[in-house]
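> Sequence plus the predicted model coming up.
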Amino acid sequence: MNDQTVRDLLHEAADDIEPRDRLDAIRAATASTSGGRRTHRGWWAAGGAGLLAASIATAFALTTGGAPQSTGPDLAAPPTSGSTVPDGGTSSPVAVYFVGDTAAGPRLYREFRAADPDSRVTSAMVAALRGDALDPDYRSLWPSTTVFRAWSTGPDGITVTLEGAPVERPAGMSEQDAQLAMEQLVRTAQALEGQGRVPVDVQVAGAVTDTILGVTTTTPLTGSPDADVLAPVSISDPVEEQVVGDGQLTVRGRALSESRVVTTRIQRWEGTFVVAQEVDRLRAGNDGMLEFTATFDLTDVPAGQYAVVSTVEHSDGTVDSDTRRITVID
């Protein structure tokens with residue numbers, strides 16, 4: 001698969017997912033149900049044998065790096081020159097949510113990556129939990145003991161089963177970080193399903209619990225409003241370390257700003273020399289994240305490494321940016 005084909009797939013995925021990400025969201029339901037304490041023992045007993053087999057297969061892939069299977073966590077390489085999908089499969093972009101720093105504190109950033117369709121769910125969930133982001137500025141807030149174990153969908157939403165996730169909030173983790181970690185998992189699951197802000201039931205294998213990381217999980221979670229948890233500006237395309245060989249670069253992303261203005265510039269990676277800049281005004285009429293697009297002709301730009309930087313300025317004078325590292329070749 002060549003560079004352009006993978007980029008086209010990423011563009012199509014962004015077009016499909018971004019409108020759903022802007023749907024009006026409601027806060028996570030955290031009150032206990034009238035029926036009292038939720039129990040998963042029946043589910044565990046019924047599905048224990050199948051889950052055990054899947055867990056063993058997943059653990060084997062994690063520790064041995066074996067051939068990609070549907071249970072394997074084969075994380076996709078960034079779609080740069082020469083990137084391929086194992087065993088000749090077709091690349092299918094997935095969106096994974098990570099945590100990064102903003103002027104207002106930690107927030108969520110979305111990162112697209114190519115993935116084998118047979119392992120896209122496991123790849124995305126494992127990456128989100130581990131913090132295996134392509135962009136070194138991103139991370140995960142989940143404890144390292146947490147392991148993805150199972151996934152299922154149904155008419156009532158998505159069920160994600162973890163293993164090793166602390167029931168109580170770990171020492172040193174703030175309540176805000178615990179909520180953001182859960183939001184990171186929920187939004188990644190919803191993006192994988194591609195049906196909007198559907199409920200996500202997060203469980204711990206073999207445990208009966210009302211909380212995970214101290215966050216109430218007695219009822220499925222749908223997520224918080226965009227403005228409360230998402231970074232004010234986030235680049236969807238290009239991906240980190242993308243190679244630009246035809247001189248044309250289109251930058252796509254999402255932003256939330258009072259001024260509704262996003263400035264995108266291309267500058268040398270080492271230094272601050274700006275080779276191109278474009279200002280995009282966001283559309284009005286939506287309180288959620290809005291798309292922006294900036295197109296650049298880099299035909300006359302010397303080969304080398306550059307930074308793509310998209311920036312929004314807030315009414316209080318603070319500034320937020322998202323950055324991608326790219327390589328321009330002749």
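Received the coordinates, thanks.
> Beta-bridge partners for residue 310, please?
residue 264, residue 322 (DSSP bridges).
> Hmm, it is touching residue 236, no?
No: assessed by CB atoms under 8 Å, residue 310 is found out of contact with residue 236, at 10.0 Å. Yep, even glycine has a C-beta here, placed from its N, CA and C like the rest.
> hey, what's in contact with both of the two?
Shared contacts of residue 310 and residue 236, defined by CB atoms under 8 Å, 6 or more residues apart in numbering, comprise residue 253.
> Contact partners for the spatially closest residue to residue 152 that is not a sequence neighbour?
Leaving aside its sequence neighbours, residue 152 sits nearest to residue 159 (CB to CB, 6 or more residues apart in numbering; 4.7 Å). With contacts defined as CB under 8 Å, 6+ apart, the neighbours of residue 159 are 150-153, 200-201, 203.
> any idea which of those is closest to residue 125?
residue 151 (7.0 Å; CB to CB).
> Tell me the secondary structure at that closest one.
strand (DSSP: H, G, I helix; E, B strand; the rest coil).
> ok, what's across the strand from it?
Under the criterion used here (DSSP bridges), residue 151 is bridged to residue 160.
> who's in contact with it?
Taking CB under 8 Å, 6+ apart, one finds 121-122, 125, 158-161, 189 in contact with residue 151.
> in the stretch 151-300 of the chain, which spans are strands?
Read by DSSP state E, counting those that start in this stretch, the stretch 151-300 of the chain holds these strands, from start to end of the chain: 157-163, 200-204, 211-212, 215-216, 233-237, 242-244, 248-255, 261-268, 274-281, 290-297.
> The third one packs against which elements?
With contacts taken as 3 or more CB pairs under 8 Å, 6 or more residues apart in numbering; DSSP states H and E, strand 211-212 sits against no other helix or strand.
> For that strand, the averaged confidence score.
Mean pLDDT, computed over strand 211-212, is 97.
> Run the chain-centre distance for it.
22 Å (CA atoms, centre = their mean, to the nearest Å).
> Give me the domain ranges for this structure.
3-16+40-225, 233-328 (automatic domain parsing).
> among those domains, which gets the worst mean confidence?
Minimum mean pLDDT among the domains of the chain: domain 3-16+40-225, a mean of 75.
> hey, what's the residue lying closest to residue 237 once chain neighbours are set aside bridged with?
Leaving aside its sequence neighbours, residue 237 sits nearest to residue 252 (CB to CB, 6+ apart; 4.5 Å). Here residue 252 sits in beta bridges with residue 237, residue 293, going by DSSP bridges.
> what do you get for residue 102?
The partner residues for residue 102, given DSSP bridges, come to residue 105.
> In contact with it, which residues are there?
231-232, 320.
> any idea how far it lies from residue 330?
36 Å (CB to CB, to the nearest Å).
> just residue 134 next, same as before
24 Å.
> mind listing the helices for this protein?
3-21, 41-64, 120-130, 175-193, 226-229 (DSSP state H).
> Please look at residue 279 and residue 261 and confirm they touch.
Yes: at 6.3 Å, residue 279 and residue 261 qualify as touching, with contact defined as CB under 8 Å.
> Which of the two has more residues huddled nearby?
residue 261 (15 against 11; other CB atoms under 10 Å).
> Contacts only, for the more buried one.
279-282, 312-313.
> filter those to the buried ones?
280, 282, 312-313 (16 or more other CB atoms under 10 Å).
> I'd like these laid out as TSV, including distance to residue 113.
Below are these laid out as TSV (distance: CB to CB, whole Å):
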residue	distance to residue 113
280	24
282	25
312	24
313	29
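> what about the closest residue in space to residue 129 that isn't next to it in sequence, neighbour count?
Leaving out its chain neighbours, the residue that sits closest to residue 129 by CB to CB, 6+ apart is residue 142, at 4.8 Å. Neighbour count of residue 142, defined by other CB under 10 Å: 26.
> surely residue 142 meets residue 185?
Yes: here residue 142 reaches residue 185: they are 7.4 Å apart, a contact under CB under 8 Å.
> can you list residues touching both of the two?
With CB under 8 Å, 6+ apart as the test, residue 142 and residue 185 both reach 128-129.
> Quick check: the spatially closest residue to residue 274 that is not a sequence neighbour vs residue 309, distance?
Using CB to CB, 6+ apart and skipping the chain neighbours, the partner closest in space to residue 274 is residue 267 (4.6 Å). Note on residue 267: its distance to residue 309, by CB to CB, is 7 Å.
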